[in-house]
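# this one's sequence-less:
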């Protein structure tokens, strides 16, 4: 029953968890003890609890025409060959685990028999872990190829908790005390070292910049609010932009409002022409984004809008200003009642 609760929670956090859950299912089905397991109430209680807890969300997904799935496929389109993209995904996932694998090989210096026992253990209790660890990778690749979607290696991090069990559970694996102490010291020192250099990393990221103007969301939100209240004393109920910006700035706005993607309006169906006309909307676009600017101009021409304001915003990090970026803000005031 707790496994069912965890299944539902994982799925509600990120749909990627379906691969972890499917990996566990495959591990159970392929285990030699499966008959006893599936004759017991355990798996059916897990499924029943998970289904019960997920039922409201599944009903919402169906009611809203599977919107999260449409978003996932549109947000992660495949560019190029599906097989090449999958190989890049596998290479990226291996990149995350190559360091512990190398350290284990150096410290233990395992022979061929030990490597075989690690990759395909003789004991069912260990083999089921290997299958549960490896199956999600294969399932993700097959799904990506069949749906023609791009998947990111970073999403595999949730499944890495089983890696130490896979690497270190073989009874044939031998570590000297000196090697174990050194590995332990490395495990302690490395995170502390990363914490020490993190301010430098943050400063470098600040200078290079981040995608989708993410470091400027708070500044953008404040600029939108100032522009809005220069044109009207009515509360701001709707804000528009495109993609990540419109979803990012809403958390920094003081008012309770709805978001509107002016480039892909179908992704934000709660806003329609009637709401824009009666409640008004504030729209902001970064100057280089031609698609956003063009959509903004369309709305400016359609409604009795105020002037489009131009602002320059520069995030500050430890007293150092980033390069200023230009934004345009369109205010469409609400209709007077």
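The structure has been received and is ready for your questions. Everything numeric here is computed off the predicted structure, so don't read it as measured data.
# Look up phi and psi at the closest residue to residue 264 other than its chain neighbours.
Nearest residue to residue 264, sequence neighbours excluded (CB to CB, 6 or more residues apart in numbering): residue 242, at 7.5 Å. For glycine as for every other residue, the C-beta is placed from the backbone atoms N, C-alpha and C. Main-chain torsions, residue 242, degrees, to the nearest 10: phi -140, psi 150.
# try residue 266
Dihedral angles for residue 266 - degrees, to the nearest 10 - are phi -60, psi -20.
# gap between it and residue 239?
When distance is defined by CB to CB, to the nearest Å, residue 266 is 18 Å away from residue 239.
# what about those two, which has more around it?
residue 239 (25 against 8; other CB atoms under 10 Å).
# ok, and the more buried one, which helix or strand is that part of?
According to DSSP states H and E, residue 239 maps onto strand 238-241.
# who touches that strand?
By CB atoms under 8 Å, 6 or more residues apart in numbering, the residues outside strand 238-241 that reach it are 224, 246, 249-250, 253, 257-262, 271, 275-276, 279-285, 292, 299.
# From those residues, list the buried ones, please.
224, 246, 249-250, 253, 257, 259-262, 271, 275-276, 279-285, 292, 299 (16 or more other CB atoms under 10 Å).
# how does the chain divide into domains?
Under automatic domain parsing, the residue ranges defining each domain of the chain are 2-175, 212-332.
# Could you dump these into CSV with mean pLDDT added?
Listed next are the domains of the chain as CSV, based on pLDDT from 0 to 100:
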stretch, mean pLDDT
domain 2-175, 91
domain 212-332, 88
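# Present those domains as a markdown table; the columns should include distance to residue 195.
Output for these, formatted as a markdown table (distance: least, CB to CB, whole Å):
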| stretch | distance to residue 195 |
| --- | --- |
| domain 2-175 | 18 |
| domain 212-332 | 16 |
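# Could you pull up the residues touching residue 315?
206, 215, 216, 219, 321, 322.
# For those, could you give me a markdown table that also reports neighbour count?
Shown next, in a markdown table, are those (neighbours: other CB atoms under 10 Å):
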| residue | neighbour count |
| --- | --- |
| 206 | 17 |
| 215 | 19 |
| 216 | 23 |
| 219 | 19 |
| 321 | 10 |
| 322 | 17 |
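# Export these to JSON lines and append columns for secondary structure.
Shown next, in JSON lines, are the contacts of residue 315 (DSSP: H, G, I helix; E, B strand; the rest coil):
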{"residue": "206", "secondary structure": "helix"}
{"residue": "215", "secondary structure": "helix"}
{"residue": "216", "secondary structure": "helix"}
{"residue": "219", "secondary structure": "helix"}
{"residue": "321", "secondary structure": "strand"}
{"residue": "322", "secondary structure": "coil"}
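# quick one: which of the residues you listed is nearest residue 50?
residue 215 (38.2 Å; CB to CB).
# Can you tell me how far the closest residue to that closest one other than its chain neighbours is from residue 266?
Using CB to CB, 6+ apart and skipping residues adjacent in sequence, the residue nearest residue 215 is residue 315, 4.6 Å away. Separation of residue 315 from residue 266 (CB to CB): 31 Å.
# Residue 227 and residue 328, how far apart?
10 Å.
# go on, residue 237?
Counting by CB to CB - residue 237 and residue 328 are separated by 21 Å.
# go on, residue 265?
Distance from residue 265 to residue 328, by CB to CB: 19 Å.
# Give me the more crowded residue out of those two.
residue 328 (19 against 14).
# For residue 185, see how far away the residue nearest to residue 264 is.
Residue 242 is 49 Å from residue 185, by CB to CB.
# Looking at those two, which is more packed in?
residue 242 (24 against 10).
# So which residues of the stretch 101-250 of the chain form helices?
112-119, 124-147, 163-168, 177-208, 217-231, 243-249 (DSSP state H, counting those that start in this stretch).
# can you list the ones you listed in TSV and add distance to residue 4?
Below are the helices of the stretch 101-250 of the chain laid out as TSV (distance: least, CB to CB, whole Å):
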stretch	distance to residue 4
helix 112-119	31
helix 124-147	17
helix 163-168	22
helix 177-208	33
helix 217-231	37
helix 243-249	31
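# So for residue 16, which of these sits nearest?
Of all those, helix 124-147 comes closest under CB to CB, at 8.0 Å.
# Leaving out chain neighbours, which residue sits closest to residue 182?
residue 107 (7.3 Å).
# brain fart, residue 101
residue 167 (6.9 Å).
# from memory the one you found sits against residue 115, does it?
No - Residue 167 is beyond contact range of residue 115, at 10.9 Å (criterion: CB atoms under 8 Å).
# neighbour count winner among those two?
The residue with more neighbours, out of residue 167 and residue 115, is residue 167; 18 against 14, by other CB under 10 Å.
# show me the contacts for the more buried one.
So residue 167 contacts 100, 101, 104, 118 (CB under 8 Å, 6+ apart).
# could I get those residues as JSON lines with neighbour count and distance to residue 12?
Putting those into JSON lines (neighbours: other CB atoms under 10 Å; distance: CB to CB, whole Å) gives the following:
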{"residue": "100", "neighbour count": "16", "distance to residue 12": "30"}
{"residue": "101", "neighbour count": "13", "distance to residue 12": "32"}
{"residue": "104", "neighbour count": "19", "distance to residue 12": "35"}
{"residue": "118", "neighbour count": "20", "distance to residue 12": "34"}
